[in-house]
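> pasting the sequence and the predicted coordinates here, then a few questions.
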Amino acid sequence: MADRNVCIVGAGMDRWGVREASIIDMAQEAAKDCFDDVPALKKDDIDGLIFASSYCGRSAFQVNAAPVVAERIGIKPTSICTRVDTLCAGGSSGIIMATGLIKAGMADVVMVSGGEKLYTPQRWETYYSEMASIDHDWDGAQGMGLPPPFFSMTAQDHMKRYGTTKEQLSAVSVKNRRNGANNPKAQFQKAVTIEEVINARAVVPPLGLFDCTPITDGCAAVILVSEDKAKELTDRPLVYIRGTAQASLHSMSMNWLGEDLSDWVHLRTAAKKAFERARVSPEDVDVAQTHDCFTISEIIEMEDLGFCRKGEGGAFVESGQNDFGGKVPVNTDGGLLSCGHPFGATGIRQAMEIFFQLQGRAINQAKDAKIGLTHNLSGLNVEHTILIYGREP
Amino acid sequence: MPVPGVPILEGLYPSTLDMYPFEAKEFNRVHQFYENLRENRFTTTKCTKCGTVSFPPRVVCPKCNSDSLEWVDLPTKGKVLRFTEELAGVPLGFESPLIHARIELEDGRKLISRVINCKEGQLKEGDTVKLAVYDVPPMIIEKRGGVMEEAPRVFFAFEPVK
Ligand SMILES: [Zn+2]
């Protein structure tokens, strides 16, 4: 039997931000939004749930959360029901795994859901838990859990090596905050000026308040099905998963492979594989959601994803090449900088935005989008995950 | 002291919230790393079959799968390539300024470490730093008969060479 093609047919998310809700509450809200998006789907059709959450074991004292989510939202999976943890890429991992299962005929209709409740009753606990999110016994015990110091050094490396400026970093924030300003689900729905970004309170220089993604509560969900099933469920244009890759080449800071921290070998490795699998090249991508956990991240991602040459990311973003009207509009829904970043949900939110873009119904629509890309980096830049979507299989 | 909200934890040690490694030999087969730290040695494991030196230390060679490994010394001095000083929002368990540096050891290996015994504004790129071993709170291990034993611990950072 030939592999089946796999499509997204529905997507939804709750309002992200500082939520007066538990993770199980938000999983229900995201699932409802997702079910509302694909009215022909019956709950009994769903035979799989993959729930992506890294912190539920810590912040909700709930491991094996998938059966809990399945029961609360009223589905009874019979092919797969599991939780995945890839920190910032958990949702993308779930989509990759669901794609494989459906392709192989081991599942038919899979909900990939994910999210985090990061605001605990006391703030210290949220930050404290971050020491568990990297190589704990080595980098974690050095107090490296919170990523701003790591990305500060990354930005310094890029600035010293290529002459990247604070204005160029700020351009990423201005674009993404503008794109998020009309996104009703985003944590921040307010544009910022370049002066506001440059003059904002320093977090760890050269990174200021608007260079960093906030801490966020939120969930998101998508429905993946085989192509045949998709044709039954929707009259909208089909959106296919064309190719994926996830590269992890090191874990501890001693084993970083790049020449400096702005040299992301593992991203180039993942990109090469994802583009090969999807049978497209960077020039073919019409719209992309890349992991803007920090402004410097989006600049380096433009380079190592192949949208521009190495070292030219600063000029690329400053001249609007990653904006509407440029080479490839990036983070069209506001990205992490506007939407926030509830780790397990982020890859799903990105998939939702690409799904809407490729169906022509995004809030900030890219023209004639046919190929879309999502990208995550996880933890202290130890893993890169890429999915490429298309209007054709 | 009672723990607010969780009265049953009074006087108990929740190891799942421990920010430092479980270093004690009962829980850790690279326990020797920490023993060596006490002698101010920065060490790791080397494979006796294929010669691969890997950090962090491990119990099986990642190259050839041999479990015959020996301890070797790494340099305890290096130079600062980049650094950051975190003044506000330092996580619980660390004091301000929380300084991190990417350090190139004398053998060319690079790692990110805390820099301690260093004032704000003191560190410069290119500065030489050396290994600094410090005590961290002990782990409490339950022994036979419910006896609680304290396992002392150390951890490492780097510090400026005066
Ligand atoms: Zn070996």
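Yes, it's here.

> quick one, strands of the stretch 51-200 of chain A?
A:80-84, A:109-116 (DSSP state E, counting those that start in this stretch).

> quick check: A:S53 vs B:P56, distance?
To B:P56, A:S53 is 27 Å away according to C-beta to C-beta, to the nearest Å. Every C-beta, even on glycine, is put in place using the N, C-alpha and C of the backbone.

> more crowded one of the two?
A:S53 (31 against 18; other C-beta atoms under 10 Å in any protein chain shown).

> so what's the nearest residue to that one once chain neighbours are set aside up against?
Spatial nearest neighbour of A:S53, excluding adjacent residues (C-beta to C-beta, 6 or more residues apart in numbering or on different chains): A:G344 at 4.2 Å. Residues near A:G344 by C-beta atoms under 8 Å, 6 or more residues apart in numbering or on different chains: A:F51, A:A52, A:S53, A:S54, A:V84, A:D85, A:G90, A:G91, A:G114, A:G115, A:E116.

> I'd like to know how many residues surround whatever residue of the stretch 51-200 of chain A ends up closest to the ion.
Nearest to the ion in the stretch 51-200 of chain A, going by C-beta to the ion, is A:W138, at a distance of 20.7 Å. Using other C-beta under 10 Å, the number of residues around A:W138 comes to 21.

> distance check, it against B:L37.
13 Å.

> cool, and B:R114?
Using C-beta to C-beta, we find B:R114 at a distance of 14 Å from B:L37.

> which of these two has more neighbours?
When B:R114 and B:L37 are compared for neighbours, B:R114 comes out ahead with 22 against 19, by other C-beta under 10 Å.

> who are the packing partners of the helix or strand harbouring the more buried one?
Per DSSP states H and E: B:R114 is located in strand B:110-115. Applying 3 or more C-beta pairs under 8 Å, 6 or more residues apart in numbering or on different chains; DSSP states H and E, one finds that strand B:110-115 makes contact with strand B:77-86, strand B:98-105, strand B:148-160.

> and A:I24, that one's in a helix?
Yes. A:I24 forms part of a helix when assessed by DSSP: H, G, I helix; E, B strand; the rest coil.

> number of residues surrounding it?
Number of residues near A:I24 (other C-beta under 10 Å) recorded here: 19.

> that one and A:R72 touch, don't they?
Yes. A:I24 is in contact with A:R72 according to C-beta atoms under 8 Å; the separation is 5.6 Å.

> which parts of the longest strand anywhere in chain B are buried?
Secondary structure assigned by DSSP state E gives strand B:128-142 as the longest strand of chain B. By neighbour count on 16 or more other C-beta atoms under 10 Å in any protein chain shown, the buried set for strand B:128-142 is B:V129, B:L131, B:A132, B:V133, B:V136, B:M139, B:I141.

> got a pLDDT number for the residue nearest to the second one when sequence neighbours are not counted?
Sequence neighbours aside, B:T76 is the residue nearest to B:L131 in space, at 3.9 Å (criterion: C-beta to C-beta, 6+ apart). If you check B:T76, the pLDDT there is 98.

> domain parsing for chain B?
Taking automatic domain parsing as the domain assignment, the ranges for chain B are B:21-74, B:75-162.

> which one of those lies closest to the ion?
Set against the ion and scored by C-beta to the ion, these come closest in domain B:21-74, at 3.1 Å.

> report pLDDT for the closest residue to A:A278 other than its chain neighbours.
Sequence neighbours aside, A:G243 is the residue nearest to A:A278 in space, at 2.9 Å (criterion: C-beta to C-beta, 6+ apart). Among the per-residue scores, A:G243 holds a pLDDT of 98.

> contacting residues around A:G243?
A:K273, A:A274, A:F275, A:E276, A:R277, A:A278, A:R279, A:V280, A:L387, A:I388.

> SS state for A:C34?
What three-state DSSP gives for A:C34 is helix.

> correct me, but it touches A:G10?
Yes. In this structure, A:C34 is within contact of A:G10 by C-beta under 8 Å, at 5.2 Å.

> common neighbours of those two, please.
Common neighbours of A:C34 and A:G10 are listed as A:V222, A:I223 (criterion: C-beta under 8 Å, 6+ apart).

> avg pLDDT for stretch A:59-77?
Mean pLDDT, stretch A:59-77: 97.

> ah, wrong one, I meant stretch A:273-285
The average pLDDT within stretch A:273-285 is 98.

> list the buried ones in it?
By 16+ other C-beta under 10 Å, the buried positions in stretch A:273-285 come out as A:K273, A:A274, A:F275, A:R277, A:A278, A:V280, A:P282, A:V285.

> among the residues you listed, which two are most distant?
Distance extremes for the buried residues of stretch A:273-285: the farthest pair is A:K273 and A:V285 at 15.3 Å, using C-beta to C-beta.

> still on that earlier bit, mean pLDDT lowest where, among the domains of chain B?
Mean pLDDT values for those show the minimum at domain B:75-162, a mean of 94.

> okay, how far is it across that one, tip to tip?
Terminal residues of domain B:75-162 lie 18 Å apart, using C-alpha to C-alpha, to the nearest Å.

> distance from the chain centre to it, please.
Domain B:75-162 sits 7 Å away from the centroid of its parent chain (C-alpha atoms, centre = their mean, to the nearest Å).

> thought A:Q187 was touching A:G17?
Yes. When contacts are counted by C-beta under 8 Å, A:Q187 is listed as touching A:G17 (4.1 Å).

> who has more neighbours, those two?
Set A:Q187 next to A:G17 and count neighbours by other C-beta under 10 Å: A:Q187 wins out with 25 against 19.

> could you report the pLDDT at B:G11?
Note for B:G11: predicted pLDDT of 80.

> does it sit in a helix, a strand or a coil?
Secondary structure for B:G11, judged by three-state DSSP, is coil.

> what does the one 10 residues further on give?
Three-state assignment for B:P21 (three-state DSSP): coil.

> gap between it and A:D108?
44 Å.

> same check, this time on A:C308
Counting by C-beta to C-beta, the gap from A:C308 to A:D108 is 41 Å.

> who in chain B is up against the ion?
Within chain B, the positions adjacent to the ion are B:C47, B:K49, B:C50, B:T52, B:C61, B:K63, B:C64, B:S66 by C-beta under 5 Å from the ion.

> for the residues you listed, give me JSON lines that also has neighbour count and secondary structure.
Output for the residues of chain B next to the ion, formatted as JSON lines (neighbours: other C-beta atoms under 10 Å in any protein chain shown; DSSP: H, G, I helix; E, B strand; the rest coil):
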{"residue": "B:C47", "neighbour count": "21", "secondary structure": "strand"}
{"residue": "B:K49", "neighbour count": "13", "secondary structure": "coil"}
{"residue": "B:C50", "neighbour count": "12", "secondary structure": "coil"}
{"residue": "B:T52", "neighbour count": "14", "secondary structure": "coil"}
{"residue": "B:C61", "neighbour count": "21", "secondary structure": "coil"}
{"residue": "B:K63", "neighbour count": "12", "secondary structure": "coil"}
{"residue": "B:C64", "neighbour count": "12", "secondary structure": "coil"}
{"residue": "B:S66", "neighbour count": "13", "secondary structure": "coil"}
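
> one step back: if any of the contacts of A:G344 are buried, give me the PyMOL selection for them.
This is the PyMOL syntax for the buried subset of those, where burial follows 16+ other C-beta under 10 Å:
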select buried, chain A and resi 51+52+53+54+84+85+90+91+114+115+116
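
> mind putting the contacts of A:G344 in JSON lines, pLDDT included?
JSON lines is the format used below for the contacts of A:G344 (pLDDT from 0 to 100):
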{"residue": "A:F51", "pLDDT": "98"}
{"residue": "A:A52", "pLDDT": "98"}
{"residue": "A:S53", "pLDDT": "98"}
{"residue": "A:S54", "pLDDT": "96"}
{"residue": "A:V84", "pLDDT": "98"}
{"residue": "A:D85", "pLDDT": "97"}
{"residue": "A:G90", "pLDDT": "98"}
{"residue": "A:G91", "pLDDT": "98"}
{"residue": "A:G114", "pLDDT": "98"}
{"residue": "A:G115", "pLDDT": "98"}
{"residue": "A:E116", "pLDDT": "98"}
